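>>> just coords:
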C-alpha cells in the first residue's frame, strides 16, 4: 500500500505487514498490550478489500480474510510506515 503523508514522506507498506500489526482487541491483548495474532495464521496474499476514514484520526481496513475490527490511528500508522522503507529510499537504491 502506498501512503503519502502531508509532510510529503512516502512509504510502501506491505499488506501482510499491515495486517500483522492490526491494533484491535482480537489481535492484541487489551490488558498486557501483547500481540496475540500469529502471523502464520494469516495468508501471505492478504489484501484490503475496503478502507474507510474514521473521523480525522484513523482508518479502518476490511481485509480479504474477513477481518475488519482494527482502527489504525494515523500516529500509529506513521510508526508502522517507519518500520518499512520509504518510497524515496527504495527509489534511490534502484
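Okay, I see it. Note that the coordinates shown come from a computational prediction; the quantities given were computed from them, not determined experimentally. Numbering: from 1, shown residues only.
>>> Per-residue confidence at the residue most central in space within the chain, what does it come out as?
For the chain, the residue lying nearest the average C-alpha position, counting by C-alpha atoms, centre = their mean, turns out to be residue 18 (2.9 Å). Among the per-residue scores, residue 18 shows a pLDDT of 94.
>>> for residue 83, same thing?
88.
>>> List the contacts of it.
residue 17 (C-beta atoms under 8 Å, 6 or more residues apart in numbering). C-betas here are computed from N, CA, C, even on glycine.
>>> And it, how far from residue 57?
The gap separating residue 83 from residue 57 is 20 Å, by C-beta to C-beta, to the nearest Å.
>>> and if you look at residue 3?
15 Å.
>>> more crowded one of the two?
For residue 3 versus residue 57, neighbours defined as other C-beta atoms under 10 Å are more numerous around residue 3 (18 against 11).
>>> now the more buried one, what's its secondary structure?
Three-state call for residue 3 (DSSP: H, G, I helix; E, B strand; the rest coil): strand.
>>> Please apply the same query to residue 51.
strand.
>>> Over to residue 22?
coil.
>>> my read: it touches residue 70, true?
Yes: taking contacts as C-beta atoms under 8 Å, residue 22 lies within contact range of residue 70: 3.9 Å.
>>> ranges for the strands of this structure?
Remark: strands assigned in the chain by DSSP state E are 2-4, 10-12, 48-54, 58-63, 71-73.
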